[in-house]
Structure formats: C-alpha cells, structure tokens
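**Student:** Sequence and predicted structure are below.
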Amino acid sequence: MIYFLGFVLFLSFFGSEVKAMERVDSKTLEIIDGTTLNSRELEDLLNSNKEFTVELSDQQVAEQYAKIKGVTIQEAYSKLAEYNKLDTFSPKAESCSWFGTNTEIPIFGKTYRPLLQVYVQICSSGGTPKYINTNQAPLLQEFVANPISFSGTIKVELHNGHFLFLINGNFYNSTSTTHTGTIGVGNIFTASYSVASSSSFYASLTTGLTKRDVLGY
C-alpha cells in the first residue's frame, strides 16, 4: 500500500512538472513588428529579458548580428547575403524575412536566467507569416548571457510553426565565448561553443528537447 501511494504521488508530481513545462513553452505567441521600432526602442526590447518573437528588417538583423558576434556591420551584411543566397527552397511568390526569438532559460539553483536567441527565417504570403523555412539554418542560435559565458552545444530542430531546442554545456565566469561551428542535417542544426578559460565555473545546463512556439502551431 505504501509503495502504491508513493507511486501515485510520483506520478502526480511528474504530471505537474510536465504541465508547467508546457505552459512555459507555449507562451509568447504574439509577434512584434520590430520594423516599426526605432533603434532605441528595439534595443530596449532586445535587452528587456523578456520572451518574444520579433520581425526584423535586414538592416536590424545585420546590426544585431554584428553586435552579438563582435564583427563589423559590413561583415554582418556579407553573412546575411550569404544566407539569402542559400535560400533556394522558398517559393518565389512568397516573401521570407528573419525573425528573432528570445527565450529565458532557467538554470537549476540559480536566479540568473540567460537568454537563448534563435533567429529563424519565416516566409509570408499576403503579409501574414505562414511558416518557418525549415531548410534554412538559423542565422543565430546562441546565448546572451553576460556576464557569464557558455561552452557546449545548442541543437535546434526547425518545424513549420515552432522549433525544438536541446542544450548541453556549462557556464563560466570571467571569460569569453567562441562559436566553433554549426553542423546542419536536414532541419536540425547544432551549434558548438567554447570558452577561453574554464577556471571559474558557474553552473551546468542540460535541457530536455523543449518546444519553443513561434507561429502558434
């Protein structure tokens, strides 16, 4: 009888955890039109530590890419042009542009929550976002985690209305992060990161495969 009650309590606890995770994953359905924001308003939004999905112009994407990657704006535009040339999958009647997503990631035992930023290409018809281009690698899939730095892998699996992510790695204090490469197979893209120094450990992070809603399906 004791074992049975213990099992029931375990199932009840496990079920509540799953529901909580579903609530976290399914929020942020609204898409913000970032193309109407001036540079200050956009900067405030991106630094707000809130979860959102925002449509960006090519100029805004290039500026954010340059800032996050620490490259010149010219290098950012070159990278963007590179990605646009690779897009041979979307129908020509549709318009495809970049959307940025911010997602807070909890770390067990820590109050600080780093932001996972994933920039996906979304194709629209008649001005309405229709689907994520699953053949196009995310322009960005990395942490904004000042003052800590991430070492490990961020796997993103693209679907038409959402993406799944899987994170495995460690955070460190007083160092810097380097993107060491991204491998893509089909609609799955895995980015790897290393740190300059691992002497000041902050925390470990391993997530399950987690859904991040983008277009509501």
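**Tutor:** Nice, thanks for sending it over. Numbering: from 1, shown residues only.
**Student:** residue ranges of the helices in this structure, please?
**Tutor:** With DSSP state H as the criterion, the chain has helices at 2-26, 39-46, 58-69, 73-86.
**Student:** CA-only coordinates of the third one in CSV, if you can.
**Tutor:** Right, the one you point to is helix 58-69. Output of helix 58-69 as CSV, limited to C-alpha atoms (Å, rounded to 0.1, in the frame of the first residue of the first chain):
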residue,chain,number,x,y,z
ASP,A,58,17.6,43.2,-43.0
GLN,A,59,19.3,46.3,-41.5
GLN,A,60,18.2,45.5,-38.0
VAL,A,61,19.3,41.8,-38.4
ALA,A,62,22.7,42.9,-39.6
GLU,A,63,23.1,45.3,-36.7
GLN,A,64,22.2,42.7,-34.1
TYR,A,65,24.3,40.1,-35.8
ALA,A,66,27.3,42.5,-35.7
LYS,A,67,26.7,43.3,-32.1
ILE,A,68,26.3,39.7,-30.9
LYS,A,69,29.1,38.3,-33.0
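**Student:** now that helix: mean pLDDT?
**Tutor:** Per-residue pLDDT over helix 58-69 has a mean of 90.
**Student:** same thing with the first one?
**Tutor:** Here helix 2-26 scores 38 as its mean pLDDT.
**Student:** now do stretch 174-191
**Tutor:** Averaging pLDDT along stretch 174-191 yields 94.
**Student:** repeat for stretch 210-217
**Tutor:** Across stretch 210-217, pLDDT averages out at 93.
**Student:** ditto for stretch 111-124
**Tutor:** Here the average pLDDT along stretch 111-124 is 93.
**Student:** Ok, stretch 137-144 next?
**Tutor:** The average pLDDT within stretch 137-144 is 93.
**Student:** Send me that stretch as PDB with only the CA atoms.
**Tutor:** Extracted as PDB, the C-alpha positions of stretch 137-144 are listed here (Å, rounded to 0.1, in the frame of the first residue of the first chain):
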ATOM      1  CA  ALA A 137      19.800  27.300 -40.900                       C
ATOM      2  CA  PRO A 138      19.100  29.800 -38.100                       C
ATOM      3  CA  LEU A 139      21.200  33.000 -38.500                       C
ATOM      4  CA  LEU A 140      21.800  33.000 -34.800                       C
ATOM      5  CA  GLN A 141      21.400  30.200 -32.200                       C
ATOM      6  CA  GLU A 142      23.300  31.300 -29.100                       C
ATOM      7  CA  PHE A 143      23.100  32.700 -25.600                       C
ATOM      8  CA  VAL A 144      23.100  36.300 -24.500                       C
END
